[in-house]
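Trainee: no sequence for this one, just the structure:
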């Protein structure tokens, strides 16, 4: 734990230094780090090879191995990510509000860095550079805890970035990596409240639950998405099929993919045979209620448990409902407050759905797949928040900042 | 725990109903509840008498007994608090940002209620009405857990408000009180994540620590204040004495009172004899370093531990420093990120202090006592946040809301 204490102390020392950097300074460092990553391609690939061999020998699945694997192109795209962050507007220092009080006090509400951000993530080495870039641009020191299967890759990437920082005469402790992969260290990290201002877990539901249950540091929950699409009786059915196929199958392993479908019973007989065909073509397993199975014979019986599941797979749950109210109640019961959509030509139903569905992003006539910092035009994304405190939905640079009040007086005392 | 489950389920049902209420409806209910509290004065006082007798017999201190005690005037002022909340602008429904994407999606970022708010507080029955008013105005259902010493009072106040809600045809479950005062129930409440969106502890450092350590619900920490005043070498010393006396002694038991003083060594010999006299007049115990004690002979020796303490008493710690940098470093080490002030005529030092001190509220030439929702002009206050996530400093109505993204399309899919 002494190890973590020292890491925390160094991060706090770094945060004060970073808060003094100008936007130009920060952008220059980001460009230097980007160039350094490209230059160090071979060194990073060698480290990544070690991780990959160990993981492959240990029986890691193909999907996870793919996320772990780096290539010259992937390293180039990590570097390009840093260059893109350098181009974004720096939110730090913005005066959000200004007001004068009758007693003459002048109050400015100013956007400032959080301070020290902790990020816990899985074996995806690209997150290492990405998280550094976003935190650094917003003037935050970051402590990273990556998945142990990417340990060599993360050390290499972090070292390259730290060397770039030093070359630019900025503290290397702007980014620190927890290299001890003992689970007890990770749990202790979640309680490093004295030094860390916010903790962001990036990964699957298990990781996020562990952080929420153990952390004493304020947490931003990200990424679990049981996203619904409700097809209303007035929906354009051709459009509906196109949106559902997109939301379910364009990329199955992402949090904004559609996992559950609600269909108004009045249009079930028109929609379901066509939709069933389209989903079948994409090898999607359909799990439906009785009405659904009457129209799609190869659909299997849906269970209560299905409604609550984030499959991240070629599986979809399907249920017929008799009204928009029933659809909204079902969604508010089973969703993860991420993204849900209504497909309808009825304006009143659309507005009711927008108002009453309790999610970060509520859609009318569009795919849930748009819940994404880049698609929203933020130019970056640290994750999708599914909680209500602080940030909701896609989080960009602004969401990595807080504010403080600066109050200027000339001797005011309270009476 | 079944008891808490039911409470949670009722709160969730209530939140959907509250989200549909118009501002006018909410204001009418607040006025009805205010009138009901005044009408029920005798009933509330009878309940409060029971609490008071038990607490007094149990040896509660005079200060705490005073906070517990209700009088007709105090009940009137609870009612007036609700009337004031009815007058405030409703933040719910405000469009915070609107943007159109190149693919034709129109995105609105809209302010919405949190949903269900949990509030845990000490034996201060006035908080019961106050917390209800603020949560209700912002469309939130609230679950209250008050200190057990105010149990009878809280039940009476909650019942009166619930009757007023029913009289206005609004769900009584807009406010629910946890009547089981077993500590295990309170701890279980902190884990009611499935139903409660945010948990706000209001009270002393011990209560807040218990919530932070046990809660799985996102928490807003409030209220611990180890506030500093730094007197720079260019300060107006007459003004300095007036500000320090105000910040230390105008009300000692509050979180924005000054607990620690830093004095530039160059003006110590001019300031300290006068200041010592003024603090002595107010019966403030002074704890100083060697330089301080050389100039104020009755000051006792300050310890390292003193620097970190929130006395909430007629005690102040005092230390001389040789520069604004030393003052900032000391403050950032020992403060609670609440409120800190510099007194100076030097603009450069003032700006440096404002930029580098890591607190919710940073003052130049004014008393720290102004950190308060009413003094800031918010018209209300649920607490002072000392964390960086979500809200910082005084929290008014806006800070009891979150936002969601409403996305309107015409068939967009992601490519």
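Mentor: Right, received. Where do you want to start? Computed from a predicted structure; not experimentally measured.
Trainee: for residue A:142, give its distance to chain B.
Mentor: Separation of residue A:142 from chain B (CB to the nearest CB, to the nearest Å): 15 Å. From N, CA and C alone the C-beta is placed, and that goes for glycine too.
Trainee: what sits against the residue nearest to that residue when sequence neighbours are not counted?
Mentor: Distances taken as CB to CB, 6 or more residues apart in numbering or on different chains place residue A:135 nearest to residue A:142, at 3.9 Å, with adjacent residues excluded. Contacts for residue A:135 (CB atoms under 8 Å, 6 or more residues apart in numbering or on different chains) come out as A:117, A:119, A:141-142, A:174-175, A:400.
Trainee: all strands of the stretch 101-250 of chain A, in order?
Mentor: A:106-113, A:116-121, A:141-145, A:175-177, A:198-202, A:227-231 (DSSP state E, counting those that start in this stretch).
Trainee: for these, which one sits closest to residue A:158?
Mentor: With distances scored as CB to CB, the stretch of those nearest to residue A:158 is strand A:175-177 (4.3 Å).
Trainee: re the thing from before, between the strands of the stretch 101-250 of chain A, which one is nearest to residue A:389?
Mentor: Residue A:389 lies closest, by CB to CB, to one member of the strands of the stretch 101-250 of chain A: strand A:198-202, at 10.6 Å.
Trainee: got the buried residues for that closest one?
Mentor: The neighbour-count check on strand A:198-202 (16 or more other CB atoms under 10 Å in any protein chain shown) flags A:198-202 as buried.
Trainee: neighbouring contacts of the longest strand seen in chain A?
Mentor: Using DSSP state E, we find that the single longest strand of chain A is strand A:401-412. Applying CB under 8 Å, 6+ apart, the external contacts of strand A:401-412 come out as A:91-92, A:96, A:103-114, A:138-139, A:197, B:236, B:239, B:242-243, B:350, B:354, B:359-367, B:370, B:376, B:388-389, B:392-393.
Trainee: in its sheet, what does it sit against?
Mentor: strand A:106-113 (antiparallel), strand B:361-366 (parallel) (DSSP bridges).
Trainee: contact partners of the first one?
Mentor: Looking back up the chat, that one is strand A:106-113. Under CB under 8 Å, 6+ apart, the answer for strand A:106-113 is A:15, A:18-19, A:91-101, A:138-140, A:398, A:400-409, B:376.
Trainee: test my guess that residue A:19 contacts residue B:356.
Mentor: Yes: using CB atoms under 8 Å, residue A:19 makes contact with residue B:356 at a distance of 7.0 Å.
Trainee: and residue A:215, how many neighbours?
Mentor: The number of residues packed near residue A:215 is 23, by other CB atoms under 10 Å in any protein chain shown.
Trainee: nope, residue A:352 is what I meant
Mentor: Residue A:352 has 18 nearby residues by other CB under 10 Å.
Trainee: can you give me the buried ones in the host helix or strand of it?
Mentor: Using DSSP states H and E, residue A:352 sits in helix A:347-356. Residues A:349-350, A:352-356 are the ones in helix A:347-356 that count as buried (16+ other CB under 10 Å).
Trainee: for stretch A:367-381, same thing?
Mentor: A:367-373, A:375-376, A:378, A:380-381.
Trainee: equivalent analysis for stretch A:258-272, please.
Mentor: A:258-264, A:267-268, A:271-272.
Trainee: just the ones of those in helices?
Mentor: If you go by DSSP state H, these have A:268, A:271-272 in helices.
Trainee: CSV please, covering those residues and showing distance to residue A:6 and pLDDT.
Mentor: Compiled in CSV, those are given as follows (distance: CB to CB, whole Å; pLDDT from 0 to 100):
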residue, distance to residue A:6, pLDDT
A:268, 62, 98
A:271, 60, 98
A:272, 61, 98
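Trainee: which among these gets closest to residue A:325?
Mentor: Comparing these against residue A:325 with CB to CB places residue A:268 closest, at 17.3 Å.
Trainee: next one: that closest one relative to residue A:226, how far apart?
Mentor: 22 Å (CB to CB, to the nearest Å).
Trainee: check residue A:193 too.
Mentor: 31 Å.
Trainee: now do residue A:344
Mentor: 21 Å.
Trainee: re the thing from before, deepest in the core, which of the strands paired with strand A:401-412 is it.
Mentor: strand B:361-366 (a mean of 26; mean count of other CB atoms under 10 Å in any protein chain shown).
Trainee: and the closest residue to chain B within the stretch 1-150 of chain A, its phi and psi?
Mentor: Closest residue of the stretch 1-150 of chain A to chain B, CB to the nearest CB: residue A:114 (5.3 Å). The phi/psi pair for residue A:114 (degrees, to the nearest 10) reads phi -70, psi -40.
Trainee: residues contacting it?
Mentor: Contacts of residue A:114 by CB under 8 Å, 6+ apart are A:138, A:140, A:197-198, A:400-402, B:388-389.
Trainee: ok, how many other residues are close to residue A:98?
Mentor: By the other CB under 10 Å criterion, the neighbourhood of residue A:98 contains 11 residues.
Trainee: ok, it - contacts?
Mentor: Contacts of residue A:98 by CB under 8 Å, 6+ apart are A:106-109.
Trainee: can you do 10 Å?
Mentor: Listed by CB atoms under 10 Å, 6 or more residues apart in numbering or on different chains, the contact set of residue A:98 reads A:106-110, A:406.
Trainee: would you reformat these as a markdown table and include distance to residue A:157?
Mentor: Shown next, in a markdown table, are those (distance: CB to CB, whole Å):
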| residue | distance to residue A:157 |
| --- | --- |
| A:106 | 45 |
| A:107 | 42 |
| A:108 | 38 |
| A:109 | 36 |
| A:110 | 33 |
| A:406 | 37 |
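Trainee: so residue A:329 sits in a helix?
Mentor: Yes: when DSSP: H, G, I helix; E, B strand; the rest coil is applied, residue A:329 is found to be in a helix.
Trainee: from residue A:318, how far out is it?
Mentor: Separation of residue A:329 from residue A:318 (CB to CB): 17 Å.
Trainee: so which bits of the stretch 151-300 of chain A are right by chain B?
Mentor: Near chain B, the residues belonging to the stretch 151-300 of chain A are A:191, A:193, A:197-199, A:209, A:212-221, A:236, A:238-240, A:242-247, A:250-251, A:256 when assessed by CB under 10 Å from any CB of the partner chain.
Trainee: try it again at 6 Å.
Mentor: For the stretch 151-300 of chain A, the residues in contact with chain B (CB under 6 Å from any CB of the partner chain) are A:197-198, A:212-213, A:216, A:218, A:239, A:242-243, A:246, A:250.
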